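Chemist: A structural model of the following input is requested.
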Amino acid sequence: MAFAREEPSGDSQPATPQRRWSWLLFTALLVFLVALITAAPQWLRYAEAWREDVPADQLEAYKRQSELWQRNLSCANAPERFFVTPKNIKVDATICKSGDIVVQVIPPDSNGRYYWVDLERLSSRAILADLFTLNAYAGDGEPAMVVAQASFVMCQRFLDQRMLLRVINQSGSCTDEVVDTYTGLVQSRNASACRSNC
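Modeler: Numbering: from 1, shown residues only. Modelled structure (predicted):
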């Protein structure tokens, strides 16, 4: 008795090795594309940080500092009254009408730095902790700070979206100061003519 060989129908044919590889390659490509698309915002942030020459994990904080400069530019014109610490570090802080605070610190060996404190982003708990820390330092026996001569900003303007030029007058002598509003670092400080128009 001879058995007839049954031909499999078109629906139940096992996949050929070539067809399996095509599906595997298609699935891998699909997974890669999904990963690439979901990582796009992160890559864009890395590219922007590279372009701005700042660390990627600090980009948002630096952008916020620049926004605070722009929001409080008229407040940054307030006269500066530096306190000089026993280690010859000059410190000035100005509270703006917005509630934001700009702090300027100039160590003896550098051009200094500005830092904005954004009150919208501080919690009351953080403020209380800072006040407690300040009170703890106030009574530690350090000699009192000396008030340095006051100075004032004659004019200021943005050179670009990031760099700010400030003309500062101290007792009739003026200085051009260029500040990186992202990092707060004073990029340059040079003697200049006193002028109210930048």
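Chemist: residue ranges with poor pLDDT in the chain?
Modeler: The chain contains residues with pLDDT under 70 at 1-15, 17, 39-40, 123-149.
Chemist: now the helices for it?
Modeler: 17-52, 59-71, 124-138 (DSSP state H).
Chemist: point out the most buried one among these.
Modeler: Sort these by mean neighbour count, taking mean count of other CB atoms under 10 Å, and helix 59-71 sits at the top with a mean of 17. The way it works is simple: take the backbone N, C-alpha and C, and place the C-beta from them, glycine included.
Chemist: quick one on the thing from earlier: the helices of the chain: which one's closest to Asp176?
Modeler: With CB to CB, the closest approach to Asp176 among those belongs to helix 59-71: 17.0 Å.
Chemist: that closest one packs against which elements?
Modeler: helix 17-52, strand 113-117 (3 or more CB pairs under 8 Å, 6 or more residues apart in numbering; DSSP states H and E).
Chemist: residues making contact with that helix?
Modeler: Residues from elsewhere that reach helix 59-71 (CB atoms under 8 Å, 6 or more residues apart in numbering): 45, 48-49, 52, 54, 76, 98, 100, 102, 115-116, 118, 121, 158, 161-162, 164, 179, 181-184.
Chemist: buried ones among these?
Modeler: When the contacts of helix 59-71 are checked for burial by 16 or more other CB atoms under 10 Å, the buried set is 49, 52, 54, 76, 100, 102, 116, 118, 162, 164, 179, 181-184.
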